[in-house]
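Novice: Turn this into a model:
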Amino acid sequence: MPIDIKMPALSPTMEQGTLAKWLVKEGDTVVSGDILAEIETDKATMEFEAVDEGTILSIAVPEGTEDVKVGTVIATLGAEGETAAPAPKAPAPKVADEPAAKAAEPVAAPAPAAEARPAPARAAVPKAAEKGDRIVASPLARRIAEQTGVDLAGVQGSGPNGRIVKADVVDAKAGTAT
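Specialist: Numbering: from 1, shown residues only. Now for the predicted structure:
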């Protein structure tokens, strides 16, 4: 019998989150404790683990979907070899009008006037990840950098362990404007 995997409440006050990245795909076999996805809240990006074991039958919410309500079915898990009718697709408010392949770094759609500037920041983050150099930044800092065109590779973080926080991105933006 298929099991619905629902958007978890990763904190007591969490009401919705962004499904940033799926770490599994349909047809993958998972066991309890496997990491299924990365979920962004307003304060952190957390990993979501499987509670049950089985095969991912369907993924109802694509990666990069913002404002997914807690309790929304995001995927369906079944026993080995089991098939099920596809889960109804969850409503996707605020999904950026960009291809799902680009959703590895989800962001809100840029304002029309700023469309030309965010391209360098988008390119810089995946290149750093490909080389193995991880840019440690809060989800809010990443989103602001994306919207304002700030390259996080050139920002010095002032948060714990050098993490880039909102203030660092704002300061970097102010420094490039003058």
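Novice: the domain parsing of this protein - what is it?
Specialist: 3-78, 139-176 (the TED database).
Novice: Surely residue 153 is within a strand?
Specialist: No - Residue 153: not assigned to a strand; according to DSSP: H, G, I helix; E, B strand; the rest coil it is helix.
Novice: May I ask which helix or strand of this structure has the lowest mean pLDDT?
Specialist: helix 118-131 (a mean of 40; mean pLDDT, DSSP states H and E).
Novice: What's the first helix or strand after it?
Specialist: Later in the chain than helix 118-131, the nearest helix or strand by DSSP states H and E is helix 139-148.
Novice: Which positions within that following helix qualify as buried?
Specialist: Neighbour-count burial for helix 139-148 flags 139-148 (criterion: 16 or more other CB atoms under 10 Å). Heads up, the C-betas are built off the backbone N, CA and C, glycines and all.
Novice: From the contact counts, what lies against the host helix or strand of residue 174?
Specialist: Following DSSP H and E, one finds residue 174 within helix 166-177. Where contact means 3 or more CB pairs under 8 Å, 6 or more residues apart in numbering; DSSP states H and E, helix 166-177 is packed against helix 139-148.
Novice: Any idea how far apart the tips of stretch 42-53 sit?
Specialist: Stretch 42-53 has an end-to-end distance of 29 Å (CA to CA, to the nearest Å).
Novice: ok, residues contacting that stretch?
Specialist: For stretch 42-53, contacts defined as CB atoms under 8 Å, 6 or more residues apart in numbering pick out 3, 5, 8, 10-11, 20, 23, 29-40, 77, 138-140.
Novice: So which bits of stretch 150-157 are buried?
Specialist: Of all the residues in stretch 150-157, those buried under the rule 16+ other CB under 10 Å are 150-152, 155, 157.
Novice: now residue 27, what's its secondary structure?
Specialist: Assignment for residue 27 (three-state DSSP): coil.
Novice: what's it in contact with, if anything?
Specialist: The contact partners of residue 27, by CB under 8 Å, 6+ apart, come to 55-56.
Novice: For it, what are phi and psi?
Specialist: Note on residue 27: backbone dihedrals following degrees, to the nearest 10 are phi 100, psi -10.
Novice: how far away is it from residue 35?
Specialist: Distance of residue 27 to residue 35, computed by CB to CB, to the nearest Å: 17 Å.
Novice: same check, this time on residue 56
Specialist: In terms of CB to CB, residue 56 sits 13 Å off from residue 35.
Novice: Compare those two (neighbour count), which wins?
Specialist: residue 56 (20 against 12; other CB atoms under 10 Å).
Novice: Now do the contacts for that one.
Specialist: Contacts of residue 56 by CB under 8 Å, 6+ apart are 24-30, 36, 75-77.
Novice: From those residues, keep the buried residues only.
Specialist: Buried among the contacts of residue 56 (16+ other CB under 10 Å): 24, 30, 36, 75-77.
Novice: Please consider this matter closed, and thank you.
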